[in-house]
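need coordinates for the following:
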Amino acid sequence: MKKLALLAMSVFATAAMAAGPWGVQTTIAGDSTQAVVLLTSTVTNTANGTYSNAQQNLASNAGDVAITASGKSTQIVGAQNTTFANTSNANTKAQQNVSSNSGDVTISGNSLQLTLAASSNVRNTATGYNAKAVQSIASNSSCSTCL
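Have a look, this model is predicted:
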């Protein structure tokens, strides 16, 4: 696990400003680090049918997320023999956040989200008419109704 965490910390991406999902903005003025390490893993994001939406974030900022100049945000995902799946069927919405900031979140201090999964299965599925599924693991999210 230590090796996986060290590997995850060594693989990182820093963003200055990025457009989030569905036209909302992510503003980063401080430090933001996202890392994803997947070994023998499957990551699936599927939208099936009319009016279906599936959004999956792994170690990423999404939505109205602001990291101020004094803020520091770090998200790390380490996975080994792990399946991450996000599925939305007709007239449904599914959103899955793993070690990510999502929604209307402002970070002025230090923020660390860490997900290490070994031989695990993480799924988020919305099935049935007008169904919504939101899943957040080790993340800041005020997005339970943003689907």
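
drop to CA atoms for contacts and neighbour counts, all remaining ones
Fine.

quick check: Ala79 is in a helix.
No: Ala79 is assigned strand when assessed by DSSP: H, G, I helix; E, B strand; the rest coil, not a helix.

tally of neighbours for it?
Using other C-alpha atoms under 10 Å, Ala79 is surrounded by 24 other residues.

that one pairs with what?
Leu38, Ala117 (DSSP bridges).

ok, it touching Ser41?
Yes: taking contacts as C-alpha atoms under 8 Å, Ala79 lies within contact range of Ser41: 7.0 Å.

and the closest residue to Thr46 other than its chain neighbours, what element?
Of all residues not flanking Thr46 in the chain, Thr87 sits nearest, at 4.7 Å (C-alpha to C-alpha, 6 or more residues apart in numbering). Element membership of Thr87 [criterion: DSSP states H and E] is strand 83-88.

tell me which strands that strand pairs with, and in which orientation.
strand 42-47 (parallel), strand 121-126 (parallel).

just checking, which helix or strand of the chain averages the lowest pLDDT?
strand 17-19 (a mean of 34; mean pLDDT, DSSP states H and E).

looking at the strands paired with strand 83-88, which is buried most?
Of all the strands paired with strand 83-88, strand 121-126 has the most neighbours on average by mean count of other C-alpha atoms under 10 Å, namely a mean of 19.

which strands and helices sit next to the next helix or strand after it?
Using DSSP H and E, the next helix or strand after strand 121-126 towards the C-terminus is strand 132-137. Contacts defined by 3 or more C-alpha pairs under 8 Å, 6 or more residues apart in numbering; DSSP states H and E place strand 132-137 against strand 93-98, strand 121-126.

swap in 6 Å and give it another go.
Under the contact criterion of 3 or more C-alpha pairs under 6 Å, 6 or more residues apart in numbering; DSSP states H and E, strand 132-137 touches strand 93-98.

fine by me, we can end here.
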